[in-house]
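Novice: Need coordinates for the below:
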Amino acid sequence: MGKISKKRKAANAKVDEDKLYSLEDAMALIKGVNTTKFDASVDLHVRLGVDPRKADQALRGTVTLPHGTGKTKKVIVFCTPDKEQEAIDAGADEVGLDELVTKIQGGWLDFDVAVAMPSAMAKVGRVARVLGPRGLMPNPKTGTVTMDLASAVKDVKGGKVAFRVDKYGIIHTSVGRVSFDSNKLVDNANEIVTTLVKMKPSSAKGIYMKSLTVASTMSPGIKVDTKSIR
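Specialist: Presented below is the predicted three-dimensional model:
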C-alpha cells in the first residue's frame, strides 16, 4: 500500500468506519470528503443476497435517474442505412453497421453505450468477445436491442443507466457527480434502490439488501443504513 496523501488522511478521518449513516447524511458527507480536483463520479455499491450463478438471480436492468448522471454518454447505433438518420436525429454519436464492426475489431472503443436493431445483431456478434466483458454488448433486457432506436438513444442521453450484478452479488452504479446537490444524489440513489427492491427474485433467501456503500472516485467508502432508504 503506497503512502496516503494528507488530503486522503483528512478525508478518512471524517468518515466513521463503524457507523451506518442515513442516505441523506452519507450524500452530504461525500461532498465534504471528495479529494479530487475534478468533478468526480458518486457511485453506489449495493451488496445483494443473491446468487448470480442462478439465472433468475443474475439481476440486470436499467433505471432512469431523475437528475441524470451528470455525464453525457457517447452512444453508437448498429443499424441499416434506412435507420441511420433516425438515430442521428435522436442524438447518436456514430451510426452504421459493417464499418462500425470493423472499427471495433481494430480496437476502437470510444463510446459508453451501444444500441442495435434486432437484425443487426448477427453482425454485432462478431465483436461480442470485445463488447461483452466490458458491458457494452447491446441487450434486449436493457432496451438496447430495439426497433425504436430514437427512444433508446434519447433514454441513454437522458440519464438512463444500465446495471448488472457482478459475480460477488454486488451492483455498482453511478448516481451523479460530487457537484450535484446532495438531495439530487439522494433522489438518484433512491431510484436505484427502489428498482432493485422491486426486482427481488422470489428464489433469493435471507437478507436481500445486505449492505450499501457510497463513494466518489477517490473518497473513502461511506456505509449507509439500508433501513434509512424510504
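Novice: Residue 163 belongs to a strand?
Specialist: Yes: counting by DSSP: H, G, I helix; E, B strand; the rest coil, residue 163 is part of a strand.
Novice: I figured it hits residue 61, correct?
Specialist: Yes: judged on C-beta atoms under 8 Å, residue 163 makes contact with residue 61 at a distance of 6.5 Å. C-beta here means a position set from N, CA and C on the backbone, and glycine is covered the same way.
Novice: check contacts around residue 185.
Specialist: 27, 30, 42, 175-176 (C-beta atoms under 8 Å, 6 or more residues apart in numbering).
Novice: Low-confidence regions, this protein specifically.
Specialist: 1-3, 230 (pLDDT under 70).
Novice: Where do the strands of it begin and end?
Specialist: For the chain, the strands defined by DSSP state E occupy 41-48, 60-64, 75-78, 94-96, 113-116, 160-164, 170-177, 209-216, 222-224.
Novice: which one of these is the most hemmed in?
Specialist: Compared across the strands of the chain, strand 75-78 shows the largest average neighbour count, a mean of 28 (mean count of other C-beta atoms under 10 Å).
Novice: Please identify the pairing partners of that strand and their relative orientation?
Specialist: strand 94-96 (parallel), strand 113-116 (parallel) (DSSP bridges).
Novice: what comes into contact with that strand?
Specialist: 83-84, 87, 91-97, 100-101, 111-117, 120-121, 123-124, 138, 149, 153, 156-157.
Novice: Quick one, which of the residues you listed are buried?
Specialist: 83-84, 87, 91-97, 100-101, 111-117, 120-121, 124, 138, 149, 153, 156-157 (16 or more other C-beta atoms under 10 Å).
Novice: Now the one residue sitting closest to the centre of the chain: closest residue in space that isn't a chain neighbour?
Specialist: The centroid of the chain falls nearest to residue 173 when counting by C-alpha atoms, centre = their mean (3.7 Å). The shortest distance from residue 173 to any residue other than its chain neighbours is 4.7 Å, reached at residue 163 (C-beta to C-beta, 6 or more residues apart in numbering).
Novice: What separation do you get for the one you found and residue 57?
Specialist: As for residue 163, its distance to residue 57 is 14 Å (criterion: C-beta to C-beta, to the nearest Å).
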